[in-house]
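Trainee: Show me how the following folds:
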Amino acid sequence: MVPRYFKLREQPFGVTPDPHYFYASATHREALSSLLYGIESGLGFMALTAMPGMGKTTLLFDVLRRLGETSRTVFLFQSVSTPDDLVRALLIDLGVKVIKGNLVEMQAQLNEVLVAQCATGRRLVVAIDEAQNLNQSVLEAVRMLSNFETARYKLMQIILAGQPQLAKTLALPEMLQLRQRISIFSHLNPLSPDETSEYIRHRLKISGCESPDSLFTNSAMAAIALHSQGIPRNINNICFNALSIGCALQRTKIDAEIIREVATDLEVQLPVAPAKPANLVATEEANLDNLVPTPARRVRLRTQVWAIASTGFVLAVLFSWFISPTFRTFAKIGLTMGRLAGSSSATAYAPAQTGPFAAQPSGQPKSVVLPVPGSQVGHVSQLLPDGQITEAPSSGTPAPGYSSPRTHLILVQHGQSLSRICASSFGDCSPQLLLEIIRLNSSITDPDHIEPGQRISLPILKPISKNETGFVERAG
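Mentor: The predicted structure follows:
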């Protein structure tokens, strides 16, 4: 009934891992390419890990489907507790009807099947799903399967897929021999807010939706990204129930109100990030500087370089002060010139009469950032409707009614919605940007219904040149 109401051929958010609905996010594309490359290269072992619900099984099915007639595939997902069960399960999936008793006899029988398979010219690919449930004795038996080989290539290629516990097990010292044989490690990461929106549109399009861009509102997309944490299975569950409620209420669009109702019914809690130890935070910040520098990171790097250079200069001046009377004279002159330069540069921070810091019409409340000499950030000046400018302090706890140094306040006018404010303020309103605004305003309970006169904090963004990233980034 639900697909018929929304004019769909079938249910787009089912629970079965259908390869036709496979969405290739950045991390899924990388894993898919790595596994296919490993199979084409004749590698013996490959590994795929991801959190529950990330689509490991769907990805494995897509890998096996792409191999087509060039390979014979075996997919093991049932619980295997002993090496005997592992070899027996392989023989059954390979079509052996009469299986001999002990492990040695079954291995000999498996070798005969593999040699016969090799003679056909088709490779054998075995995918073992939920491999985190395998104990060490079974994993050791999996390693022994790599001994089935000829002088030139492996008779069997194995993909181990499982949850992050699989990676922890493989990292144990006892698993060194198996870990050394795994040539490719792939991991699936949660979807970003933009990828979550694309994932929903992709599944709607596959199911026959005529307008996949308009069935879910932008605020609904942002709410789904927030509640699902970017996990495809959670996204499917939320969207499935949202379409059911929308059909029951005779709605033509799914908004954030319906998503919140679904999240409450499913008891989906918003993620709360645990506090990180100070040493871990310092390590992560240091690692960020090793990545491709963004404009904000380059500013921070230049600030650090200037701080180090200034410290070195001060130490050199103090050292030379005591050993060179002539140098003390030059140092005094330099310090005097520095003070003069500092006092003259203060005028550069005066509010401009034209340009982006000029006074705005009183009918449209605006906010600007006025830099303060000697500080790393500016202070927020809010232009109220009557034309008066009220300034918030640039450091410490903001006074009541003022936005933080990285946000600015606006007053909601009659007939405005959060999506319209977002689009008019930034030129476009992506789900990721709308999600950021919702996070900044805990008082917003329904993005589709905001009251006139309500104060809303918006992030302060600055443009980045298109030849760098093509997107916008928060200032500071």
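
Trainee: What is the burial count for Gly246?
Mentor: When counting by other C-beta atoms under 10 Å, one arrives at 22 neighbours for Gly246. C-betas here are computed from N, CA, C, even on glycine.

Trainee: Over to Asp84?
Mentor: Neighbour tally, Asp84, other C-beta under 10 Å: 16.

Trainee: can you list the weak-confidence ranges in this structure?
Mentor: Along the chain, the parts satisfying pLDDT under 70 run over 151, 268-306, 317-406, 448, 461-476.

Trainee: mind giving me the domain split of it?
Mentor: Each domain of the chain is listed here as a residue range: 2-15+191-265, 26-188, 285-329, 365-474, per automatic domain parsing.

Trainee: Let me know which of those is tucked in deepest.
Mentor: Mean neighbour count (mean count of other C-beta atoms under 10 Å) peaks for domain 2-15+191-265 among these, with a mean of 19.

Trainee: Assign Pro12 to helix, strand or coil.
Mentor: coil (DSSP: H, G, I helix; E, B strand; the rest coil).

Trainee: The nearest residue to it once chain neighbours are set aside and Leu243: what is the separation?
Mentor: Nearest residue to Pro12 in three dimensions, chain neighbours excluded: Ser207, at 3.6 Å (C-beta to C-beta, 6 or more residues apart in numbering). With distances taken as C-beta to C-beta, to the nearest Å, Ser207 is found 10 Å from Leu243.

Trainee: Over to Asp85?
Mentor: For Asp85, the distance to Leu243 (C-beta to C-beta) stands at 41 Å.

Trainee: Likewise for Phe6?
Mentor: Distance from Phe6 to Leu243, by C-beta to C-beta: 6 Å.

Trainee: Repeat that for Ser81.
Mentor: As for Ser81, its distance to Leu243 is 40 Å (criterion: C-beta to C-beta).

Trainee: mind checking the SS state of His187?
Mentor: Secondary structure, three-state DSSP: His187 is strand.

Trainee: Which parts of the stretch 101-250 of the chain are helices?
Mentor: For the stretch 101-250 of the chain, the helices defined by DSSP state H, counting those that start in this stretch cover 103-119, 136-144, 164-170, 176-181, 193-206, 218-228, 232-248.

Trainee: Out of these, flag the one nearest Thr407.
Mentor: Proximity to Thr407 (C-beta to C-beta) singles out helix 218-228 among the helices of the stretch 101-250 of the chain, at 17.5 Å.

Trainee: Direction-wise, compare that closest one with helix 232-248 and give the angle.
Mentor: Helix 218-228 and helix 232-248 are oriented at 140 degrees to each other (axes from the mean of the first three to the mean of the last three C-alpha atoms, to 10 degrees).

Trainee: From the contact counts, what lies against helix 218-228?
Mentor: For helix 218-228, the packing partners by 3 or more C-beta pairs under 8 Å, 6 or more residues apart in numbering; DSSP states H and E come out as helix 193-206, helix 232-248, helix 256-265, helix 418-426, helix 431-440.

Trainee: Mind checking the ones you listed for the one nearest to Gln177?
Mentor: helix 232-248 (34.0 Å).

Trainee: Can you list the neighbours in contact with that closest one?
Mentor: 1-2, 5-6, 11-15, 23, 52-55, 191, 196, 199-200, 203, 216, 220, 224, 227-228, 251-254, 258-259, 261-263, 265-266, 268 (C-beta atoms under 8 Å, 6 or more residues apart in numbering).

Trainee: To Leu418, which of the helices of the stretch 101-250 of the chain lies closest?
Mentor: Nearest to Leu418 among the helices of the stretch 101-250 of the chain is helix 218-228 (6.7 Å), distances taken as C-beta to C-beta.

Trainee: List the contacts of the closest one.
Mentor: By C-beta under 8 Å, 6+ apart, the residues outside helix 218-228 that reach it are 191-193, 196-197, 200, 216, 234-235, 238-239, 242, 254-256, 258-260, 263, 268, 270, 418-419, 429-432, 434-435, 438, 447-448.
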